[in-house]
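S.K.: 3D, please:
(2 chains)
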Amino acid sequence: MRVMANVGMVMNLDKCIGCHTCSVTCKQVWTNRSGAEYIWFNNVETKPGLGYPRRYEDQEHWKGGWELDRRGRLRLKGGGSIRRILTIFANPDLPGLDDYYEPWTYDYETLVTAPLSEHDPVASPRSQLTGRPIRPTWGTNWEDDLAGAPETASGDPNLRALEPQVQFAYEQAFMFYLPRICEQCLNPSCVASCPSGAIYKREEDGIVLVDQDKCRGWRFCVSGCPYKKVYFNHKSGKAEKCTFCYPRIEAGLPTVCSETCVGRLRYVGIVLYDADRVEAAASERDPRCLREAQLGIFLDPADPAVREAACRDGIPADWIEAARRSPVYALAVHFGVALPLHPEYRTLPMVWYVPPLSPVVSAAAAGRGAEPDPDDVFHAIDELRIPIGYLANLLAAGDRGAVRDVLRRLAAMRAFMRRREVEGVTDETIPAAVGMDVPEIERLYRLLAIAKYEDRYVVPPAHRESADRLLAATDTDFGCAVDDEDRFADSAQAYRQQLVQLDLPGTRRRGLTAGNPPEGAA
Amino acid sequence: MQRSASSSRPPASGETGVPTGLDGLLAGAHRYFKRGTLSAEGWSLLTRGGRDWESFYRHRWQHDRVVRSTHGVNCTGSCSWMVYVKDGFITWETQAVDYPSVGPEMPEYEPRGCPRGASFSWYTYSPLRVKYPYVRGSLLELWRAALVREGDPVAAWGSIVEDPQLAQTYKRHRGKGGFVRASWDEVAELIAAAHVYTIRQYGPDRVVGFSPIPAMSMVSYAAGTRFLSLIGGVILSFYDWYADLPPASPQVFGDQTDVPESGDWWNAGYLIVWGTNLPVTRTPDAHFMTEARYRGQKVVVVSPDYADHTKFADDWLPAQPGTDGALAMAMGHVILTECYVQRDVPYFRDYVRRFTDLPFLVTLRPRGGDAAYVADRFLHAADLDGASAASEHAAWKTVVLDATSGQPAIPNGSLGFRHGDAGAGRWNLDLEGIDPALTLFGRHDVLVAVDLPRFDEGATEGGGLVRRGVPARRIGGHLVTTVFDLLLAQYGVHREGLPGDWPTGYADPMQPYTPAWQEPITSVPAATVVRIAREFARNAELTHGRSMIAMGAGTNHWYHSDQIYRAMLSLLLLCGCEGVNGGGWAHYVGQEKVRPLAGWSTVAFAADWVRPARQQAGTPFWYLATDQWRYEGFGAAELASPLGRGLFAGRQFVDCNVQAARLGWLPSHPTFDRNPLDLVDEAERLGKDPAAHVVDELRAGRLRFAAQDPDDPVDFPRVLTVWRANLLTSSGKGHEYFLKHLLGSPTADVRAAESPPELRPREVVWRDAAPTGKLDLLVTADFRMTGTCLFSDVVLPAATWYEKHDLSTTDLHPFVNSFNPAIAPPWEARTDWDTFRTIAAAFSRLARRHLGVRRDLIAVPLLHDSPDELAQPDGAVRDWTQGECQPVPGRTMPRFVVVERDYAAVAEKLTALGPLVEQLGTTAKGLTWTPDREVEELGRQNGLVRDGTAAGRPSLERPEQVAEAILALSGTTNGRLAVESFRALERRTGRPLADLAESRRGDRITFADTQAGPRTVITSAEWSGIEAEGRRYAPFTQNVERLVPWRTLTGRQQFYLDHAWMLELGEGLPAYRPPLNMRRHFGSQEQGDGDGLEVTLRYLTPHSKFSIHSEYLDNLHMLTLFRGGPVIWLSREDAARIGVHDNDWIEAYNRNGVVSCRAVVTHRLPAGVCYMYHAKDRHVDTPRTELTGKRGGTDNSLTRLVMKPTHMIGGYAQLSWGFNYYGPTGSQRDELTVIRKRGRAAGF
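M.R.: The predicted model follows:
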């Protein structure tokens, strides 16, 4: 066991109101500058829809993330180093500008400066790249609230195998919002894709960063990331990505997108995990079991053995405490109501989602019997509008059971609380039906509903007194990852090494690179 | 150009051609090949430097200063924001998270905000910013020449505007560009000269100001209104004009609007979200709804579209637009049947007996021989014998039948107890042993047939009739029944033995108002209606009223909003939900709550110097000023029920308005066809009382109301100042009429024909040539170049919300927030306070010579919350011009008040707190108290003025001093005054109340407190909720728990409204009235020219996700977050019908105007409906239209005002006028539009 800490986030999609405040505050703070006009470290998508960039979830097309080769070993879906060398000047898996959008502005000045003319002045759109008149045809949130959906949304990759069920008709309309940031993966394919060794995952908190000094603008990270959360700054010529607001995280503050989330749906915390088992977890054969596999390497911060090991591996005591109080751990592991986004990409993402409830499917279902019980106000999970299969494709590699389990827990929490608040009855059978007890369901209620600031965000500040050690470590080790001649001798072997090495850029030690058991290795 | 992945490689050296797009910008990337050492594999290079580079993003995050402020936009959000300043520049903002806690058992308010607010700092340095004062070049040239010619600014202004040719020169340039910079001094003199000239020549009531929603920035609002109040200018209302005022609120509650804070949603067990898209329009608060669901709350959404809020619903009722009233009536049918007739629910029964008018007796009037009756007015004490009839204000004391004694009884609390000496201590809801009978059934003398209105059939808007029956009894010479008995008849809830036509059951599709009847109207299945109604009532029964309905623009912006709302409110009243935490109505559209009400209104309307201010109802003002009255397609009689007496026969809406002005119902400014200053002078010359002089002149026909001839140049409004608003291109219903008649801009694109002779008014002069360009001067102060700015003559650069001190509050939370400058106003921008100080100084300078001291006669309507509401008993219309009564000012006509105006002292008074505060006290809701100690303290805090008219008075020179005065003089922010306000209410009610504020008696929220963080207000009699002990604000909890009457005729919440005009329209009780049938009234609007496929759709303008009205819709971030410009949403079916694809250019048009924009095609809308989110300005991405070649207009290019006569009622109990309290609403939602695809490419 080698204990590492990784930041994580849970977003409760059942609370997301699709307001995009997160996108705007993030934009203003981080990417409100030239070269980054089209870059949204945080964006929000209406689902079903193509997303941003278009159809980014279709890895058959974009070849992001990982896959298993015939021998069951992890390899980048975008191909090995040879292919990448051959395609370095013409990466076929790179989204073009049209897949994002051509950023625009307006000739606002004309409103003030227009001379007396026949028609009243108007600010018309101009390309931010060329300055020429432009007619916007796509944007970061072009599909808001099912805009254009009848013409485009059937291309949503999550609709695979659901087409007969989803018709894009008024009576059957459904939607929900999907806010997205970088997943800060445990097994980041962007890192593995970078030919310059410019991307690394921080030892202390697992935040994945693009070194702006080292990046050479090859953009293999862009194609390598299946979530398309690494962007290319066309002015600096460097890749940039969501930094999980590390300048704030280091100060013990949640990310900007989290703190400004008016839906109060984001939770930030750290999770302890066993770095030695990352590769094994990502190599789980059945994609539907990848979530379980990832849960399997998360370590229980209340377990004395884990605490001891964490201590031994240099994790500060307050971080271990923070891990114990982590809302991310609570929601993803303890309550099991949060699910990873597209676990089948095998990057072991660290931003998880509570799936949304929704209204009943049809007026007919709403009518039910002639004399329904007016005290029984909630509907069955299978009557809900959002097809379970859709959520399963998004959050569970197609495993409907996993989604149904979560929705049943949410529904049970509501039913339990309703009986208590409206009828004054504490009905123990309700939590029992979903494998919980009364204190547990109350705890879940408090975390999801009352959700005080201190409960949503448990962010231990960085130990700056140790910064020298970290910097010293990186000074010597850092940047060497990709100049290791052996790495390219055998691509499968290389990737396995790379996985471990790049996972821990600051602490790579010779004894660990082959994935040896960690016992006593510290 | 196709920019595919493969084309994005860096070009090899030597390649030529102009690089374009991203590719071109990538061209520099190759330089990186030149640095460092290539690795052995040839595809990386070695660098050192470790993690030092991480400082890159750390530096970006670092900043110098964080300043708390908020956003003064009309969203009622009032969110606390932290503004970041770096190197002296504002960089970005994030929400404050330090709200006072609401306790451990519920979610906190943090982090209030929304994407629009988050993008605000973009404006600060944007190219859209108004940086300097601008004047249109053609006007400035005329002005400079006239100054030279005349030598005097006032004479110079007169020489321009009185010369038709000169005036035409600059008026026809409005909207056409050509602005030039001018200095503040120069524009201030021009503006001042226009004001002085207009006051002298035409009267102060020709000088008008428009600014809405004081709660969003109280000091800025007050800056202009205080100036106008001091000079006698007209201050226009906005709440009713915006159609956000729910007229049902004054009708039912006698209150403007009073709603729960959003935190109280948490307490609801059942929430119907009905006509308000909470995530979009209440973004900062929506979380309380999503979170309350986890507490077991059921959420039901009624909306035609599958929208942001529908996502959260457990049930979605997709009612057709405008049919909400039918749905609500059917739900009421179920609740009355199951909870009042089939079963007795003690909680409900007890509630309606004590807190509604249901047990009150209503007289029945025979109709059509004696075959049937119609409901008439309330029985009152004057109808009874002996002592009751002789008691004070007997005609205002309504009567119940005491079930115990079987005798009529007069419970406390009706209006008759509110104003007189005898009523003191008895204006309360203590029944004192009376047991009001809800029904006369079983106690009746006779069972009689009653005729009731129905509007779902019939040849006119007035609909038809249905005959049903009630139990009745003879009392005081009248046949009477109870409101409850009438209500059951109206809803079609049968009791055995009653005569008439009744539904056979829920499944009866023919009879209103059964669930089956509503199904073809709303498209909601009958079974669903039954189930939801039952659940709603059952939840209220179990929780004692914790069922809530959140409602808003979607249900309120209709012409018959009051009927829709009354049908919805009835559900809440019947289930005992009002005045209960977690229950009741939650009306969320444009509701503005100036929590420090008493202090603010004192300062804003200069009540510290002169009373009253000249306040005017916005809708009739614009209806006349923009000549929309000349384009009517039907008259007032069209609306009248067959049950009516023909009161509206042959009359137009403007005729009704003239009558309302004459009878003192509505204010009407400009008032007369003569300068009100001159009227006083005339009276003085004649040695007469000015009021008597006015009465004599009116009687003799020598004086007319200006409303009788709005197209006479002497009756024009002349000078208009707009601040904190985008009047023309956001709220201006009938936008094209504004451009044409008010401004005279050739841009106007009115396509309608004027009313045919048979539809022209009787009492209003019809001039064959309609005037254009009525306004001499339009001044707008703003920080961004809006459409209104573009059409203005003068544009003033305003400070933004991050550049000034101010205050903000809202209904939605209980805190007071402050604005604070993060930077000084940049360029030449000024705060609104400084802008009006500048104008006032220039004005006073010119006024000294041209105006001096004058006396001004103000025609004040009969006001709500004053004894005037007792002026016209019985709800009868008695017109002194018809010999039905004598013209008595303050009783049968407006009150005429003469005030003195020292015009040279205006600037001094503007910036000092006047002496009337302690001399006359401050007033809210008819209660008065004296903040003498506070004035003293303010003098010490703000400093005293040393010289001049205001010597010795507390200074109001700076905005933060004004904020301090507002806080000091209000009960909600000053515990001592909160206690005083309750003491005043105790004297009238005889009930103990001061304890509600006692625990915070020593609290005084100062401006510095609000700068430190949001501060929680104090429970005060200025409002109706109890906020003490950490309770969430819910309206009317004081009424229910402390037995304080509602400010209505009966003192209770009213189902029944007995004014003659209400009955004329068949609106005595809640009823379903469908949207106005525009197709019937105006015919097809389609071109039918074969140029393209056309479809006519219902045109809805809901509130937008990426803007607050027009604010932010020009903000680059918000434009980037959706389609980058104006759009109309269409259903996929309608789009297919006219060959429109997503993002195609389309045109929308009807008789009122043309809009050009792009299409959004979606399946979340039903066929037959299109959405253009409010409000689309015309200054961004708006091409010229194909139809007329002019610039495509705003969302209001397709709308036009139609006033509802019942909103003009006044002088009668809760239907008396109040500023933003009651009055015609500017509804816009009953409109249809034609849509077709553009044939040619759009051009600008």
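
S.K.: rest of the way, CA atoms for contacts and neighbours
M.R.: Will do.

S.K.: tell me the contacts of the residue lying closest to B:Gly209 once chain neighbours are set aside?
M.R.: Closest residue to B:Gly209 apart from its sequence neighbours, by Cα to Cα, 6 or more residues apart in numbering or on different chains: B:Thr721 at 4.7 Å. Going by Cα atoms under 8 Å, 6 or more residues apart in numbering or on different chains, B:Thr721 touches B:Val208, B:Gly209, B:Phe210, B:Leu778, B:Val779, B:Thr780, B:Ala781.

S.K.: would you turn those into CSV with pLDDT, secondary structure and distance to B:Asp806?
M.R.: Below are the contacts of B:Thr721 laid out as CSV (pLDDT from 0 to 100; DSSP: H, G, I helix; E, B strand; the rest coil; distance: Cα to Cα, whole Å):
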residue, pLDDT, secondary structure, distance to B:Asp806
B:Val208, 98, strand, 24
B:Gly209, 98, strand, 20
B:Phe210, 98, strand, 19
B:Leu778, 98, strand, 25
B:Val779, 98, strand, 22
B:Thr780, 98, strand, 20
B:Ala781, 98, strand, 17
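
S.K.: measure B:Asp932 to B:Val917 for me?
M.R.: Distance, B:Asp932 to B:Val917, using Cα to Cα, to the nearest Å: 7 Å.

S.K.: okay, the two: which has more neighbours?
M.R.: Counted by other Cα atoms under 10 Å in any protein chain shown, B:Asp932 and B:Val917 do not tie: B:Val917 has more neighbours, with 24 against 14.

S.K.: my read is the more buried one is in a strand, agree?
M.R.: No: under DSSP: H, G, I helix; E, B strand; the rest coil, B:Val917 sits outside any strand and is assigned helix.

S.K.: so what's it scoring on pLDDT?
M.R.: What the model reports for B:Val917 is a pLDDT of 98.

S.K.: Might you report the residue contacts of it?
M.R.: B:Thr602, B:Ala607, B:Asp608, B:Thr930, B:Pro931, B:Asp932, B:Val935.

S.K.: The residue in the stretch 351-500 of chain A that chain B sits nearest to: neighbour count?
M.R.: Going by Cα to the nearest Cα, chain B is nearest to A:Arg418 of the stretch 351-500 of chain A, at 3.7 Å. Counted with other Cα under 10 Å, the neighbours of A:Arg418 add up to 26.

S.K.: Surely it is within a helix?
M.R.: Yes: assessed by three-state DSSP, A:Arg418 belongs to a helix.

S.K.: Not counting sequence-adjacent ones, nearest residue to it?
M.R.: B:Gly296 (3.7 Å).

S.K.: shouldn't the one you found be in contact with A:Ala411?
M.R.: No: between B:Gly296 and A:Ala411 there is no contact under Cα atoms under 8 Å: 9.3 Å.

S.K.: More neighbours: which of these two?
M.R.: More crowded of B:Gly296 and A:Ala411, by other Cα under 10 Å: B:Gly296, with 26 against 22.

S.K.: tell me the SS of that one?
M.R.: Applying three-state DSSP: B:Gly296 is coil.

S.K.: what's across from the residue nearest to B:Gly209 in the sheet?
M.R.: B:Gly209, B:Val779 (DSSP bridges).

S.K.: Okay, it and B:Tyr57: tell me how far apart.
M.R.: In terms of Cα to Cα, B:Thr721 sits 46 Å off from B:Tyr57.

S.K.: With B:Ala1242 instead?
M.R.: For B:Ala1242, the distance to B:Tyr57 - Cα to Cα - is 43 Å.

S.K.: Would you agree B:Ala307 is in contact with B:Thr276?
M.R.: No: taking contacts as Cα under 8 Å, B:Ala307 lies outside contact range of B:Thr276: 10.3 Å.

S.K.: neighbour-wise, which of these two wins?
M.R.: B:Thr276 (27 against 22).

S.K.: tell me the pLDDT at that one?
M.R.: Reading off the model, B:Thr276 has pLDDT 97.

S.K.: Name the SS class of it, please.
M.R.: B:Thr276 - assigned by three-state DSSP - is coil.

S.K.: how many neighbours does the residue nearest to it when sequence neighbours are not counted have?
M.R.: With Cα to Cα, 6+ apart as the criterion, B:Thr276 has its nearest non-adjacent residue at 4.6 Å, and that residue is B:Gly552. Burial measure for B:Gly552: 26 neighbouring residues, criterion other Cα under 10 Å.

S.K.: Repeat that for B:Gln165.
M.R.: Here the number of neighbours of B:Gln165 (other Cα under 10 Å) works out to 11.

S.K.: Tell me if it really is in a strand.
M.R.: No: B:Gln165 sits outside any strand when classified using three-state DSSP, being helix.

S.K.: so how far is chain A from it?
M.R.: From B:Gln165 over to chain A the distance is 18 Å, taken as Cα to the nearest Cα, to the nearest Å.

S.K.: what's that residue in contact with, if anything?
M.R.: Per Cα under 8 Å, 6+ apart, neighbours of B:Gln165: none.
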